[in-house]
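3D, please:
(one chain, ligands or ions: 2)
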Amino acid sequence: MIVAMQEHASEEQIQHVTERLLELGFKVHRTTGAVQTILAGVGTPTAFDVKDFQVLDGVADAHRISSPYKLAGRGFRPEGTVIRFPNGVTVGNKEVVVMAGPCSVESREQIFAAAEKVKAAGAKFLRGGAFKPRSSPYSFQGMGLEGLKLLREVGDATGLLIISEVMEISQIELMMPYVDVFQVGARNMQNFNLLRELGQVRKPVLLKRGIAATIEELLLSAEYILSGGNYEVMLCERGIRTFETYTRNTMDISAIPVIKKLSHLPILGDPSHGVGLRDKVPAMARAAVAAGADGLLIEVHPNPEKAVSDGAQTLYPEQFAKLMQELRVIAFAVERTIE
Ligand code: PEP
Ligand code: MN
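Residues are numbered from 1 along each chain as shown. Ligands and ions are numbered 1, 2, ... in the order given. Model (predicted):
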């Protein structure tokens with residue numbers, strides 16, 4: 001941590017800041033120039049708030065040098081995390097992995113038809129919510145256990161891996177036999193009790209960025225899971241809320257290269273929730289791959305116009321198949337692959 005004192009700060013003020021740094025466990029290196037003193041706190045304390053220093057008397061500015069997330073930071077695993085699934089699929093490697101399927105599991109026919117289409121186009125995972133976080137309590141809330149059973153059945157029949165959203169702690173055990181990846185939705189990114197519990201399981205987690213979360217907050221949320229001992233965490237940019245109303249969210253493509261640098265965890269893009277409009281989804285998917293995403297989460301439905309949730313942002317199967325072809329070209333251009 002670097003604390004720059006104001007010009008002509010008093011010796012008493014400098015001493016006070018020095019003591020506070022020492023109390024936290026920092027070693028303090030002081031440099032006093034002609035007009036200003038700089039205090040460099042060197043060490044590994046993490047549990048402090050830089051703002052506590054910014055407001056001390058005589059302080060001009062204070063900056064954190066090391067990141068507040070230790071396990072999610074790139075430095076923890078400079079080579080990057082690769083998550084390996086039993087069927088040989090990896091996330092975080094050269095291959096850009098595509099997870100696709102409907103927003104919600106709606107029926108046996110629907111989920112089997114969706115699985116067949118997304119598999120034929122090259123997806124490695126089938127997505128589908130059995131528990132749905134809906135803005136309105138009157139909207140479809142998901143098929144629950146019945147939906148999970150259908151997901152497992154279709155996963156076993158097709159060889160597709162299964163990803164589905166977990167909304168609360170009590171669902172973890174229930175979902176365990178049915179899913180290959182637990183998805184934590186945007187609304188639960190800061191459900192810290194849920195994140196802690198997911199730290200205890202030994203199954204990968206895909207953590208979506210909250211609708212108004214900073215990248216640092218996303219990484220700190222990942223830290224909750226990692227600090228429990230579950231290192232298999234994927235992050236997902238799914239659009240954030242801005243002043244723009246034309247699109248459902250504003251997909252922050254820049255988060256992808258930023259997170260790549262800050263963290264070793266794989267980062268995926270969700271262009272469906274990212275933009276919310278079907279005809280714009282392919283462009284955002286292409287952009288995410290071009291920006292270095294390790295994977296994509298895309299909503300595809302055999303009949304999007306009949307979808308019970310998120311139909312307007314859901315691709316037709318033919319649209320998805322065409323998009324996959326385009327993504328292969330883009331992946332090649334950025335030294336990645338899509339099978
Ligand atoms: C979803 O994937 O269907 C979903 C609810 O996503 P998010 O949490 O990003 O809104
Ligand atoms: Mn959805």
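
interface residues of the stretch 201-339 of the chain facing ligand 2?
Within the stretch 201-339 of the chain, the residues that sit near ligand 2 (Cβ under 5 Å from the ion) are Asp310. C-beta here means a position set from N, CA and C on the backbone, and glycine is covered the same way.

now with 6 Å?
Taking Cβ under 6 Å from the ion as the measure of proximity, the stretch 201-339 of the chain contacts ligand 2 at His273, Glu299, Ser309, Asp310.

need phi/psi at Ala312.
When read as degrees, to the nearest 10, the backbone of Ala312 gives phi -60, psi -20.

if I've got this straight, Leu206 is in a strand?
Yes. According to DSSP: H, G, I helix; E, B strand; the rest coil, the state of Leu206 is that of a strand.

and the pLDDT for it?
At Leu206, the pLDDT value in this model is 99.

which ones are touching Ile163?
Ile163 sits next to Met99, Phe125, Leu126, Arg127, Val179, Asp180, Val181, Phe182, Gln183, Leu206, Leu297 when contact means Cβ atoms under 8 Å, 6 or more residues apart in numbering.

ok so it is a strand residue?
Yes. If the criterion is three-state DSSP, then Ile163 is within a strand.

bridged to it, which residues?
Counting by DSSP bridges, Ile163 forms beta bridges with Arg127, Val181.

list the contacts for whichever residue of the stretch 201-339 of the chain sits closest to ligand 2?
For the stretch 201-339 of the chain and ligand 2, the shortest gap (Cβ to the ion) falls at Asp310, measuring 3.7 Å. Applying Cβ under 8 Å, 6+ apart, one finds that Asp310 lies in contact with Cys103, Ser104, Ser272, His273, Glu299.

let's see 7 Å
Taking Cβ atoms under 7 Å, 6 or more residues apart in numbering as the criterion, Asp310 is in contact with Cys103, Ser272, Glu299.

just those that are near ligand 1?
Counting by Cβ under 6 Å from any ligand atom, Cys103 from these sit close to ligand 1.

closest one to ligand 1 out of the contacts of Asp310, please.
Taking Cβ to the nearest ligand atom as the measure, Cys103 is the one of these closest to ligand 1, at 4.6 Å.

just give the closest residue to the closest one, not the sequence neighbours.
Among residues not flanking Cys103 along the chain, Asp310 sits closest, at 3.8 Å (Cβ to Cβ, 6 or more residues apart in numbering).

gap between the one you found and Asn93?
29 Å (Cβ to Cβ, to the nearest Å).

how about the residues of the stretch 201-339 of the chain near ligand 1?
Counting by Cβ under 6 Å from any ligand atom, the stretch 201-339 of the chain comes close to ligand 1 at Lys208, Arg238, His273.

show me what stretch 331-339 is in contact with.
With contact meaning Cβ under 7 Å, 6+ apart, stretch 331-339 is reached by Lys94, Glu95, Val96, Val98, Gly122, Val289, Ala290, Gly292, Met324, Leu327, Arg328.

in a markdown table, list those along with secondary structure, distance to Glu153 and pLDDT.
Shown next, in a markdown table, are these (DSSP: H, G, I helix; E, B strand; the rest coil; distance: Cβ to Cβ, whole Å; pLDDT from 0 to 100):
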| residue | secondary structure | distance to Glu153 | pLDDT |
| --- | --- | --- | --- |
| Lys94 | coil | 31 | 98 |
| Glu95 | strand | 26 | 98 |
| Val96 | coil | 27 | 98 |
| Val98 | strand | 21 | 98 |
| Gly122 | coil | 22 | 98 |
| Val289 | helix | 31 | 98 |
| Ala290 | helix | 36 | 98 |
| Gly292 | coil | 35 | 98 |
| Met324 | helix | 24 | 98 |
| Leu327 | helix | 28 | 98 |
| Arg328 | helix | 30 | 98 |
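
list buried residues within these.
Among the contacts of stretch 331-339, those classed as buried by 16 or more other Cβ atoms under 10 Å are Glu95, Val96, Val98, Gly122, Val289, Ala290, Gly292, Met324, Leu327, Arg328.

near ligand 2, which residues of the stretch 51-200 of the chain?
Residues of the stretch 51-200 of the chain lying near ligand 2 (Cβ under 6 Å from the ion): Cys103.

and the residue of the stretch 51-200 of the chain closest to ligand 1?
At 2.8 Å from ligand 1, Gly185 is the closest residue in the stretch 51-200 of the chain, using Cβ to the nearest ligand atom.
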